[in-house]
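Enquirer: Next input, structure requested:
(chains A, B, C and D, ligands or ions: 5)
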Amino acid sequence: MSLERLRTDILILGSGGAGLFAALHALKANPDLEVTVATKGLLGKCGCTRMVQGGYNVALNPGDSVERHFMDTIEGGKWLPHQELAWTLVSTAVERVRELENEIGCFFDRNPDGTLHGKAFAGQTFDCTVHKDDLTGIEIINRLMEQVWARPVRRLEEHRAVAFIPAADGALAGVLLIDIRTGAFRFVAAQAVLLATGGGPTMYRYHTPSGDKSMDGLAMALRAGLLLRDMEMVQFHPTGLLAGPDTRMTGTVLEEGLRGAGGHLLNGAMHRFMGDYDKELERATRDVVSRAIYAEMRAGRTTPNGGVYIKMGHLGPEKVAKQFKGMVERCRDCGFDLAGGLVEVVPTAHYFMGGVVCRPDTSTEWPGLFVAGEDASGMHGANRLGGNGVANSTVFGGIAGDVMPRWISANGGHRAPDERVLDAELARALHPFGCKPGNLNELREKLLDTMWGEVGVVRDREGLDRGVAALDAIEAELLVTGLADEGRAFNMTWHDWLNLRSLTEVSRVIALAARKRENSRGAHFRSDFPEPGDLASSRFTVARQTAAGLDITDAPVAFTHVRPGETLLDKVAAE
Amino acid sequence: MSLWRGGEKGRYETYKVPLRENQTVLDVVTFVQRHLDPTLSYRFACRVGMCGSCAMTVNGRPRWTCRTHVSRVATRGQLEIGPLENLPVIKDLTTDMRPFFEKWQQAKGAFVPSQTRGDEIERIRPDSPARIAADAAIECINCAICYAACDTVRWNSDYLGPAALNRAWTLVNDVRDGATSERLQAVAASGGCHACHSHQSCQELCPQQLNPTASIAGLKRRTMWAYLKGEI
Amino acid sequence: MTLRHLRHRHSALWLAALAHRLSGLALAVFLPLHFLTLGLAIRGEAPLESFLRWSDQPLVKLAESALIFLLMLHMFGGLRLLVIENLSWRDGQKQAATIVAGVSAAIAFFLLARMF
Amino acid sequence: MNVRLYVWQRLTAAVIAPLVLVHVVVIFYATRKGLSAADILARTRGSLTWASFYGVFVVAAAIHATIGVRNVLTEWSPLRDRGAGLLASGFGVLLFLLGARAVVAVVLP
Ligand SMILES: Cc1cc2nc3c(=O)[nH]c(=O)nc-3n(C[C@H](O)[C@H](O)[C@H](O)COP(=O)(O)OP(=O)(O)OC[C@H]3O[C@@H](n4cnc5c(N)ncnc54)[C@H](O)[C@@H]3O)c2cc1C
Ligand code: HEM
Ligand code: SF4
Ligand code: F3S
Ligand code: FES
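Expert: Residues are numbered from 1 along each chain as shown, chains lettered A, B, ... in the order given. Ligands and ions are numbered 1, 2, ... in the order given. Here you go, the predicted model:
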């Protein structure tokens, strides 16, 4: 078994907004440090930051205020957010957008007078979403990627992180990775490591994130015994494309604006059903629409592929084709007529609010390990505002880049990895090659269906129990399902196996945390506990893997800036 | 359908895949990997035409496979899918995109700031000619389809290629950028914009409907005048 | 590379570029010969005249108009490129390239007709 | 090709184009009643206009074709910038010499 050993000062896992920002900031803070970015795909070309369409929330325009952005974030998060983290997010976002525009080179859209354009986004009380057409993510990540390419950052592209490796004394020594192209293992020793692999709830039948994301980072953190928070909080987007079996585009987002502009949702019987659920009809909030569609699906009133229809034609096909050019073209490329016909949609798992517990400076309880982006938790609470996702990854990625060099100069040094752990992790990653080849696809389907059906948009105790049992069975079966050892170079089926393992492990935490929360907040809805519960005594869930098993508890939210019933806006108005 | 198997030296192998009503080329490739041959390698990420990872040669043309419906490209129910041309093959359908991005850097495709995060964001009217020109070329997803389609790239290994030059043109029109003359110098050197013969394959096949040919022509013009005026 | 890989190279503009290059090369080969024959006149009128009479054969005439065709093709094609490069972008380059080829052929044909 | 070669090639192309047009018109005119050496030489001998007309053409064509051949060689032959440049220049000098000789032949009385 070949194991190559490398050594670097700062190792960054992931090349989304968080990872790339961290690399740039770290290099700027101390150009003498060697910064390495290891990423599962090609640098900047994988992950979800690139897929951001709507834009970036920031209080920049006159009339907007950081306080207002903060209140929207807290109320959107149903009073569960960690208020220090949320405050750091909204207050640093201002500088971050200026940095993106002035130093990184993002060229955001402007108002006719030349100032930055902010558009409206659902769930916000002001128009504060900065964007570049509806391809904001491409602009952000391309510019970041160019800056990283232009600097002496060591790139480990198509490298999959599989485990944190401690030193014999328990301190963090480095990370074990697989070079996907060759199939060989690399151990990278580092003084500080940033986890920025971007969460990604891809264990649901329908999901939006990019295919490379499979909760690897959270599975690694779980195994390392780190504290995870808000793990029940999976955000669903109400309208994902539904294209039938064996189609990759199934689950990808059809933008929110379609409903906002007056699109209708019809069930299989061509009935416009939203009126049965909410007086706002299709314009109701994401979670309400998602639940309504889910209910129609549960009741069997579905389209041929098992979803509902979105219809835009009554607004005038030409108008739709013009206003939603990108969406219409995307649908057309895949064989659907969005402008004039009916397109099948389903709710789709979009964003993961849960993640590793961290402080506002991105440090975790494990010295030397930092976390940023979708892998971190606490900023969004029970729900993430549209537009707060990229803000989160760029703000905290940058902070991690500022902090890690400082941390290294105070506490740094390379540590020798615990060879026994290293050996065990190697064996773990190679596990499938030791088993008899089996049917991985069936297992994947099982996982997707279990999570969708039992741990999905609407949950209840029995379903969650069934879900947990099913997950146990899936994991047991996965561990005896092997792969033929016919070459490990770019062996995607091996990585499918590893993905499934990460997903199954994190899925179990999601299910258990969902069972723990006996109320309904934001993205988490329990049909057996439909009420949100008392806000003033809000608690968040925390999970930790211990030798004895998964330990799920909860803890009270600290209202350090504002308490339920209060608002910061009065203060602003008074000033 | 037949798929390229192996590295630089490989061969096409034939597979039979069920035809579905909604099916992209990426779906077909995925089907082979999942059900027929688990060792098949390919690359994708976003599935919706944003990341530019999934480009392959489909029946002779470079295309983004995640947004190419099979019915649009199959001839008599047949598909031939290979890796992108003009890039080294890693394995099967995956290529090493490093040369593509190295040339992007060589063309000075990275923004050079003239201001800092402490400054206000520059006012730029959306109807100013420079902004319009920059916008026209900005939405590149670096898929390298144009790079694979261009025979000047094939014939002239020094040629920076359409995407890198298209990016350089965006930056030349970006009034905030502080390195126009270095950039013009970079693209005016051997292998730069003047190597392009306006084949226009890049424009024809760019999935984002960009027009690198026009961008390169813009660069040719700008560099020519800069040269005549003795600025570069 | 299989035959199918030539597919996107069947586009009118790719052919136009190929034709431009081949015609340029043909001209580059022909021009020295042309100069050589004209240079015959350095030894007086007679050698040139006898060359011209030799060139009255139909086959040679055909070749000459083919050359004119290539010259026209190269010139108009080159002018098309100069327009792309120096004026602001205009669509319809495929049509323009087709027109270039058509006009060049017409001129060459016209000349051929006149020579007989 | 770099910007210097580009400028020379496009500039010479722009110069040649009108000259070729005139030349073709002259051919049309001349072939009206068959081509004879006497006619040609009668037109050109001792004419400063034709001398400079063809002189400019020869110079411009030599430059234009040299750069063009150099480009083709760099793309279609194993030669790189230097080798292709040398070979093409050789060709260009030959073209120029033959062209100059031809001009002298048809113009000098
Ligand atoms: C379709 C879509 C639209 C969205 N629209 C918006 C929007 O309009 N506004 C908004 O604010 N947010 C939006 N979001 C959310 C936003 O994209 C994410 O919150 C944010 O980009 C996450 O950034 P990140 O850096 O944490 O992770 P990502 O950008 O997802 O990057 C994760 C990186 O980690 C790598 N990685 C994963 N596993 C491993 C491993 N094992 N080893 C090494 N590397 C690994 C991945 O390859 C990738 O490079 C959207 C998300 C999606 C999916
Ligand atoms: C009649 C007017 C002419 C015009 C407008 C013209 C224009 C051009 C242009 C614009 C190019 C550049 C093509 C490119 O790089 O994409 C070119 C190339 C070339 N020209 Fe001309 N040209 C003319 C006459 C000639 C003549 C008389 C010759 C021969 C002696 C010639 C030989 C070449 C060659 C060999 C090339 C290189 C072809 C290539 O790189 O593909 N040209 N011409
Ligand atoms: S210019 Fe078009 S074809 Fe070329 S890399 Fe960019 S998006 Fe792809
Ligand atoms: S295809 Fe190539 S030659 Fe120029 S116009 Fe496009 S770069
Ligand atoms: S998978 Fe991202 S462009 Fe096709």
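Enquirer: gap between the helix or strand of chain C with the lowest mean pLDDT and the chain center?
Expert: Every helix and strand in chain C was compared by mean pLDDT, DSSP states H and E; the lowest is helix C:45-54, with a mean of 80. How far helix C:45-54 lies from its chain's middle: 24 Å, per CA atoms, centre = their mean, to the nearest Å.
Enquirer: other SSEs contacting it?
Expert: Judged by 3 or more CB pairs under 8 Å, 6 or more residues apart in numbering or on different chains; DSSP states H and E, the packing partners of helix C:45-54 are helix C:12-39, helix D:37-44. To be clear about C-beta, it is placed using only N, CA and C from the backbone, and glycine gets the same treatment.
Enquirer: among those, which gets the worst mean confidence?
Expert: Note on the helices and strands packed on helix C:45-54: helix D:37-44 shows the lowest mean pLDDT, a mean of 79.
Enquirer: Do any residues in that one lie close to chain C?
Expert: Yes: Helix D:37-44 lies within reach of chain C by CB under 8 Å from any CB of the partner chain, at D:37, D:38, D:40, D:41.
Enquirer: Can you tell me, leaving aside adjacent residues, what's nearest to the second one?
Expert: If the residues on either side of it in the chain are set aside, residue D:38 comes closest to residue C:45, at 6.2 Å by CB to CB, 6 or more residues apart in numbering or on different chains.
Enquirer: And for the first one?
Expert: The shortest distance from residue D:37 to any residue other than its chain neighbours is 3.6 Å, reached at residue C:49 (CB to CB, 6+ apart).
Enquirer: same thing with the third one?
Expert: Here the nearest residue to residue D:40 in space, its sequence neighbours aside, is residue D:106; by CB to CB, 6+ apart that works out to 6.8 Å.
Enquirer: Least confident secondary structure element in chain D?
Expert: Least confident helix or strand, chain D: helix D:37-44 with a mean of 79, by mean pLDDT, DSSP H and E.
Enquirer: ok, now which ones touch residue D:77?
Expert: When contacts are counted by CB atoms under 8 Å, 6 or more residues apart in numbering or on different chains, residue D:77 is found next to residue D:84.
Enquirer: tell me the pLDDT at the residue most central in space within chain C?
Expert: Relative to the mean C-alpha position of chain C, the nearest C-alpha, by CA atoms, centre = their mean, is the one of residue C:70, at 0.8 Å. Confidence at residue C:70, expressed as pLDDT, is 92.
Enquirer: list the contacts for it?
Expert: By CB under 8 Å, 6+ apart, residue C:70 lies in contact with C:23, C:26, C:27.
Enquirer: Swap in 6 Å and give it another go.
Expert: By CB atoms under 6 Å, 6 or more residues apart in numbering or on different chains, residue C:70 lies in contact with C:23, C:26.
Enquirer: Now do the same for it: helix, strand or coil?
Expert: Under DSSP: H, G, I helix; E, B strand; the rest coil, the three-state class of residue C:70 is helix.
Enquirer: distance of it from ligand 3?
Expert: Noted for residue C:70: a distance of 33 Å to ligand 3, by CB to the nearest ligand atom, to the nearest Å.
Enquirer: before we move on, what about residue B:96?
Expert: 16 Å.
Enquirer: ditto for residue A:349
Expert: The gap separating residue A:349 from ligand 3 is 28 Å, by CB to the nearest ligand atom.
Enquirer: Tell me the confidence at that residue?
Expert: Looking at residue A:349, the pLDDT reads 97.
Enquirer: Which strand or helix spans it?
Expert: strand A:342-352 (DSSP states H and E).
Enquirer: And the next helix or strand past that strand?
Expert: Downstream of strand A:342-352 (by DSSP H and E), the next one is strand A:355-356.
Enquirer: Can you give me the buried ones in the least confident helix or strand of chain C?
Expert: Neighbour counts over helix C:45-54 (16 or more other CB atoms under 10 Å in any protein chain shown) mark C:45, C:47, C:48, C:49, C:52 as buried.
Enquirer: what's the answer for stretch B:200-215, then?
Expert: Neighbour-count burial for stretch B:200-215 flags B:200-208, B:210-215 (criterion: 16+ other CB under 10 Å).
Enquirer: ok, now stretch B:212-230?
Expert: So for stretch B:212-230, counting by 16+ other CB under 10 Å, buried means B:212-220, B:222-224, B:226-227.
Enquirer: interface residues of chain B facing ligand 3?
Expert: Counting by CB under 6 Å from any ligand atom, chain B comes close to ligand 3 at B:52, B:140-146, B:162-163, B:166, B:206, B:208, B:210, B:212.
Enquirer: Of those residues, which are in range of chain A?
Expert: Subset of those in contact with chain A: residue B:141, counting by CB under 6 Å from any CB of the partner chain.
Enquirer: If we only consider the residues of chain B next to ligand 3, which is nearest to ligand 4?
Expert: residue B:162 (3.9 Å; CB to the nearest ligand atom).
Enquirer: What distance do you get for that closest one to residue B:216?
Expert: The gap separating residue B:162 from residue B:216 is 7 Å, by CB to CB, to the nearest Å.
Enquirer: what do you get for residue A:511?
Expert: Using CB to CB, residue A:511 is found at 55 Å from residue B:216.
Enquirer: Please name the residues that touch residue B:96.
Expert: B:88, B:90 are the contacts of residue B:96 under CB under 6 Å, 6+ apart.
Enquirer: try it again with 10 Å
Expert: Contacts for residue B:96 (CB atoms under 10 Å, 6 or more residues apart in numbering or on different chains) come out as A:42, A:157, A:158, A:181, B:83, B:87, B:88, B:89, B:90.
Enquirer: from those residues, which would you call buried?
Expert: Among those, those classed as buried by 16+ other CB under 10 Å are A:42, A:157, A:158, A:181, B:83, B:87, B:89, B:90.
Enquirer: Can you name the helix or strand that the fourth one falls in?
Expert: Remark: residue A:181 resides in no helix or strand, with elements defined by DSSP H and E.
Enquirer: which residues does it contact?
Expert: A:157, A:158, A:159, A:489, A:490, B:41, B:90, B:91, B:94, B:96.
Enquirer: tell me which of those residues is nearest to residue A:215?
Expert: Nearest to residue A:215, judged by CB to CB, of the contacts of residue A:181 is residue A:159 at 17.2 Å.
Enquirer: who's that closest one bridged to?
Expert: Under the criterion DSSP bridges, residue A:159 forms beta bridges with residue A:179.
Enquirer: Just list the residues touching it, thanks.
Expert: A:13, A:36-41, A:175, A:177-181, A:186, A:188.
Enquirer: Please indicate which of those residues has the highest neighbour count?
Expert: Of all the contacts of residue A:159, the highest neighbour tally under other CB atoms under 10 Å in any protein chain shown goes to residue A:13, namely 31 neighbours.
Enquirer: what about it, distance to residue B:90?
Expert: From residue A:13 over to residue B:90 (counting by CB to CB), the distance is 22 Å.
Enquirer: what's the answer for residue C:72, then?
Expert: Distance from residue C:72 to residue B:90, by CB to CB: 47 Å.
Enquirer: sorry, back to before: switch the buried ones among the contacts of residue B:96 over to TSV; also include secondary structure.
Expert: Output for the buried ones among the contacts of residue B:96, formatted as TSV (three-state DSSP):
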residue	secondary structure
A:42	coil
A:157	coil
A:158	coil
A:181	coil
B:83	coil
B:87	coil
B:89	strand
B:90	strand
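Enquirer: what does chain B have sitting close to chain D?
Expert: B:151-152, B:154-159, B:184-185, B:187-197, B:219-220, B:223-228, B:232 (CB under 10 Å from any CB of the partner chain).
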